[in-house]
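[1] I would like the atomic coordinates for the input below:
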Amino acid sequence: MSLVESLFSAIIRLDGDSLVLHTGEKPYVVTSSSSMNAFRGPLAWGQVELSTRTLTTETVESMLDQMLTPEQRRVLNELGAVEHELAATGDRPAFTVVAARGGDDIWVEIRPLRAKREEEPQEDYALPSGNAVPEPQALAAPDGHPSLEIVADVAQQEPGAADVTQLLESSGLIEPGTPEAMEDQRPNAAVVAAEEAAEEAAAARAAELSRLEAAHAQELARREAAHAEELARLEVAHAEELDSLEAARRDEEARLEAARAQESAREPDRDAEPRTAVVVPLVRTVHEPPPAPPPVSTAPDLDRLLSIAAARGASGLYLVSRSVPAIRVEGETQQLEGEDALAPSDVEAFVLALSPGSNADLLDGRETSEWFYDVPELGRVRCLGFRDHRGPGLLVRMLPARAISAEQLGISKDIQAVCTQHEGLVLVSGPRASGKSTLIATFVDLINRTRADHVISIERQITFVHESRRSFISQREVRGESQDVVSAIRAALREDPDVLVIEELRAPEVVAAVLEAAESGLLVLAGIRAPGAGPALERLIEQLPAERRNQALVSLSASLRAVVVQTLLRKRGGGRVAARELLLSTAAAASVIADGKLFQLPAALESGRKLGCVPLNDSLAALVRDGVVDAGEAWRKAYDREGLLALLRREGVDVERLA
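    Alright, predicted model coming up:
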């Protein structure tokens, strides 16, 4: 018989109303019956303990594993309470189990389901007809009281608590209690000696502590006395200095008075009447050295340079020692006219003005640093400090105050439709400095304006701050290793998000976690550095170990929804323009991915034009045909250059110099 079955048997034997299991307490049966019981004899109302040992958390959890289903265990762990009915089996009746949990504190109550007695139908008694009432019949008195005779003694069995206790002890999960035989024993001599030794050690520690406190108090008193002596010495020195200054002032006044007297003696006395002397009160002033001039602040100069960069639409401001400040506009670097070359001290002052800390490592030339700073009236900037052969340098990257909308970026309706997906994986790809972060932020802004979802974004550094509109957006900054990113992803999944945003896939653990999240029924937006859709998928799979790639390909073919690729090109008239590629999860693309034949993705991309797929060469050729960019610029940005040349030849573009 199992431990749980023995508990059910104990309830039946004791005719109990319920059985209570509580961590830290002994199991007991609550009974309100005073009837005879074949196992215990007359029962007293109240609680009947089934064991002399207290229950541990492991014991109660083991019992719950036998009584509850895994789903009910999950509900108990998440919600804190659950109720379950155990069906009757054999001679055992049905039971209800009510469990509640708060941390390691678990309370369980088991109640038997009493069978309801069916109401016996009452017979209808017809009254006799007529108004006559029959005479009552006389009752005969009993001949005598029935005698009660004891035929044989009924053997009374011992209570079943011992059986239950034996089962609980044999489980190995009950905390040992104090044996009754040891409770009244006299203390052992060794134990008494150990206690006395412990008391002596405690007394020694107390004495040592008192000695240390006394020594500390003496040290404080000595320091206070020395401090008082130093103050007295300084006061005496200050008084002596004041006296010397006062004596010097008096000597100077006496010298001036003597000079005035000599001058008066040389002039003739023209007035007969004596002249009354004028008494001028003297003000005693203490001579103090003039205060040091305040340091010259370079903040206004920095604010002016930042304002110029923002007014010209610059994406970055370069402040380098012994160089004229420069800005980067539409991908091109240009110096600011009329500005002088910066001294190393100027750049150091700029670093300290924009840095949230001292940046001592940067100023000492030991390492580079990177941080964000909020500039009043300009918004958020990204600062990168460095040191080269000329001295300290600072790059300030201007960031938009808010994410750029899809309309401002000129994103097509087919690409915007990607954000209407409710589950699966959407990859955002592109080479370095191609605007992947901006494109991902635009997708999040589009979801924020059109959907009421819970969005969690995990970023290495928060660049664009999203204000919640229709959706609730939570941005988390994780700068640790790949395992920290995986932990952040798993923690986010427990918060039941609708959309999960990962800035960049850089490690096998992160790729595996993202594929798992995409299969769990939510939309995942993830960035990866690659020039095209095919190279992006190849790089994603190559990050995984060889033994896991086949399974990852099958998972990717089922969960992938789209790959959006973006690259930036210089326009003929100045500025930059984006060319984009869109690979949708068509049947052909899913089949190619599942079979691991990623080299056939260009053919699947070509065949998916009618379904909305757009190869990058089509976007580049359209920009060349419209005269927006040169053919050479498009050729440099293409990852399938032979295909681009063939497409341009078919459209009549001269590409001989490119070939």
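[2] From residue 443, how far out is residue 428?
    Here the criterion is CB to CB, to the nearest Å. By it, residue 428 lies 7 Å from residue 443. Every C-beta, even on glycine, is put in place using the N, C-alpha and C of the backbone.
[3] These two: who's more crowded?
    residue 428 (28 against 23; other CB atoms under 10 Å).
[4] What helix or strand is the more buried one located in?
    In this structure, residue 428 sits in strand 424-430 according to DSSP states H and E.
[5] Now do that strand, average pLDDT.
    When pLDDT is averaged along strand 424-430, the result is 96.
[6] helices or strands up against the following helix or strand past that strand?
    Under the assignment DSSP H and E, the closest C-terminal helix or strand after strand 424-430 is helix 436-450. Applying 3 or more CB pairs under 8 Å, 6 or more residues apart in numbering; DSSP states H and E, we find helix 436-450 packed against helix 406-409, strand 424-430, strand 454-459, strand 499-502, strand 523-529, strand 560-570.
[7] need the helix or strand of the protein with the lowest average pLDDT.
    helix 180-183 (a mean of 45; mean pLDDT, DSSP states H and E).
[8] helix or strand right after that one?
    Proceeding N to C from helix 180-183, the next assigned helix or strand is helix 189-266, under DSSP H and E.
[9] Show the average pLDDT along that following helix.
    Mean per-residue pLDDT for helix 189-266: 77.
[10] now do stretch 567-582
    92.
[11] same thing with stretch 441-459?
    Average pLDDT, stretch 441-459: 95.
[12] Next, the distance between the ends of it.
    Start-to-end span of stretch 441-459 (CA to CA, to the nearest Å) is 11 Å.
[13] ok, now how distant is residue 599 from residue 535?
    Distance from residue 599 to residue 535, by CB to CB: 11 Å.
[14] And these two? Which one has more around it.
    Neighbour count, other CB under 10 Å: between residue 599 and residue 535, residue 535 has more, with 18 against 10.
[15] The more buried one should be in a helix, yeah?
    Yes: assigned with DSSP: H, G, I helix; E, B strand; the rest coil, residue 535 falls within a helix.
[16] contacting residues for it?
    Residues near residue 535 by CB atoms under 8 Å, 6 or more residues apart in numbering: 429, 639.
[17] try the one 4 residues further on
    If a contact means CB under 8 Å, 6+ apart, then residue 539 has 528, 529, 530 as its contacts.
[18] My reading is that it lies in a helix. Confirm?
    Yes: under three-state DSSP, residue 539 falls within a helix.
[19] Report pLDDT for it.
    Predicted confidence (pLDDT) for residue 539: 95.
[20] which residues are in contact with the helix or strand hosting residue 101?
    Residue 101 is located in strand 95-102, with elements delineated by DSSP H and E. By CB under 8 Å, 6+ apart, the residues outside strand 95-102 that reach it are 8, 11, 64, 67-68, 76-77, 80-86, 106-113.
[21] can you give me the mean pLDDT across it?
    Here the average pLDDT along strand 95-102 is 88.
[22] Partner strands of it, with direction?
    In the sheet, strand 95-102 lines up against strand 81-86 (antiparallel), strand 105-112 (antiparallel) (DSSP bridges).
[23] Quick one: closest of the ones you listed to residue 391.
    Residue 391 sits nearest to strand 105-112 of all those, at 63.6 Å, using CB to CB.
[24] Could you give the separation of the closest one from the chain centroid?
    Centre-to-centre, strand 105-112 and its host chain are 36 Å apart (CA atoms, centre = their mean, to the nearest Å).
[25] which of the contacts of strand 95-102 count as buried?
    Listed as buried from the contacts of strand 95-102 are 8, 11, 64, 67-68, 76, 82, 84, 86, 106-112; burial here means 16 or more other CB atoms under 10 Å.
[26] which among the residues you listed gets closest to residue 326?
    Among these, residue 76 lies closest to residue 326 (CB to CB), at 64.3 Å.
[27] Check which helix or strand that closest one maps to.
    Using DSSP H and E, residue 76 sits within helix 70-79.
[28] Now do the contacts for the residue lying closest to residue 505 once chain neighbours are set aside.
    Setting aside the residues directly before and after it, residue 505 is nearest to residue 528 in space (CB to CB, 6 or more residues apart in numbering), at 4.8 Å. Residue 528 is in contact with 427, 428, 429, 504, 505, 536, 539, 540, counting by CB under 8 Å, 6+ apart.
[29] Assign the fourth one to helix, strand or coil.
    Taking three-state DSSP as the rule, one finds residue 504 in the coil state.
[30] Distance of it relative to residue 593?
    Separation of residue 504 from residue 593 (CB to CB): 21 Å.
[31] do the same with the last one
    Taking CB to CB as the measure, residue 540 and residue 593 are separated by 10 Å.
[32] if we can go back for a sec, and the helix holding residue 76, what's its mean pLDDT?
    Averaging pLDDT along helix 70-79 gives 84.
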